[in-house]
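*Asks:* okay, structure incoming, though there's no sequence with it:
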């Protein structure tokens, strides 16, 4: 059973990327690409590629792929394709959308097909002269091979300080087999002078084991 739990936990390694748009859909005809790399002090290494495209005003499609190599050489990963659609059409501050995805998670040589169902809420806000956003993502990831599932609740609060600098604080909560795992991830975002991409720096610290804190660096590109 421990091995099966590790299989489905591989689903979660790459679901906490700060690039995720949450409740907001991508503008029609535009695309977003993100790559990230993170590592722990003990040389657990994680990498991810995330992409999404606004196919229509009410339909965003995307792809998520990640790999992890642990300190003992064990490898795991996750790949999925998804769609995101709005649950309501509103010009107000609130956004509500749902997401459906299919893919696979693997640990060593064992591969499990997966299904994701998700619901996201978000809204923008103003704090003094600065604009920010808050987003809450609730999802269930289903391991179809072993009939296991994992529940996730991710919360993001972000604030734009200038046109080129921003910061986020995220809290990730996962629940599986009666166990709950929580981590917190602060991130700073910086746009170089070229303004064609953004660079992110951050960390993710598990509440249950801060020794396994990951340092992260990533690049965002919109086109």
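*Replies:* Looks like it came in fine. These numbers were taken from a predicted model, which means no experiment stands behind them.
*Asks:* show me what contacts residue 93?
*Replies:* 123-125 (C-beta atoms under 8 Å, 6 or more residues apart in numbering). Bear in mind the C-beta positions are built from the backbone N, C-alpha and C, glycine included.
*Asks:* okay, and which of those map to strands?
*Replies:* Among the contacts of residue 93, the members found in strands (DSSP state E) are 123-125.
*Asks:* CSV for those residues, including neighbour count, distance to residue 24 and pLDDT?
*Replies:* Listed next are these as CSV, based on neighbours: other C-beta atoms under 10 Å; distance: C-beta to C-beta, whole Å; pLDDT from 0 to 100:
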residue, neighbour count, distance to residue 24, pLDDT
123, 16, 10, 91
124, 16, 9, 88
125, 13, 14, 89
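*Asks:* now, among these, which is nearest to residue 153?
*Replies:* Nearest to residue 153, judged by C-beta to C-beta, of the ones in strands among the contacts of residue 93 is residue 123 at 17.1 Å.
*Asks:* isn't the closest one right up against residue 136?
*Replies:* No: the criterion here is C-beta atoms under 8 Å, and residue 123 misses it with residue 136 at 9.8 Å.
*Asks:* thought residue 77 was touching residue 103, still the case?
*Replies:* No: using C-beta under 8 Å, residue 103 is not in contact with residue 77; the gap is 10.1 Å.
*Asks:* next, residue 27: phi, psi?
*Replies:* phi -60, psi 140 (degrees, to the nearest 10).
*Asks:* mind pulling up the pLDDT for it?
*Replies:* Listed pLDDT for residue 27 reads 91.
*Asks:* residue 52 is in contact with that one, correct?
*Replies:* No: the pair residue 27 and residue 52 fails to qualify as a contact (C-beta under 8 Å) at a distance of 10.8 Å.
*Asks:* neighbour count for the two, which is higher?
*Replies:* Neighbours per residue (other C-beta atoms under 10 Å) separate residue 27 from residue 52, with residue 52 holding more: 23 against 12.
*Asks:* what about the more buried one, helix or strand, and which?
*Replies:* Per DSSP states H and E, residue 52 falls inside strand 45-56.
*Asks:* got the contact list for that strand?
*Replies:* The contact list for strand 45-56 (C-beta under 8 Å, 6+ apart) reads 13-14, 17, 19-21, 25-39, 60-69, 84, 214.
*Asks:* adjacent strands (with direction) for whatever helix or strand comes next after that strand?
*Replies:* Note on strand 45-56: by DSSP H and E, the next helix or strand toward the C-terminus is strand 59-69. The pairing partners recorded for strand 59-69 under DSSP bridges are strand 45-56 (antiparallel), strand 75-86 (antiparallel).
*Asks:* tell me the mean pLDDT over the strand holding residue 52?
*Replies:* Confidence for strand 45-56, expressed as mean pLDDT, is 92.
*Asks:* what are the buried residues along it?
*Replies:* Judged by neighbour count (16 or more other C-beta atoms under 10 Å), strand 45-56 contains these buried residues: 46-54.
*Asks:* which among the residues you listed gets closest to residue 98?
*Replies:* Comparing the buried residues of strand 45-56 against residue 98 with C-beta to C-beta places residue 52 closest, at 14.8 Å.
*Asks:* noted, bye for now.
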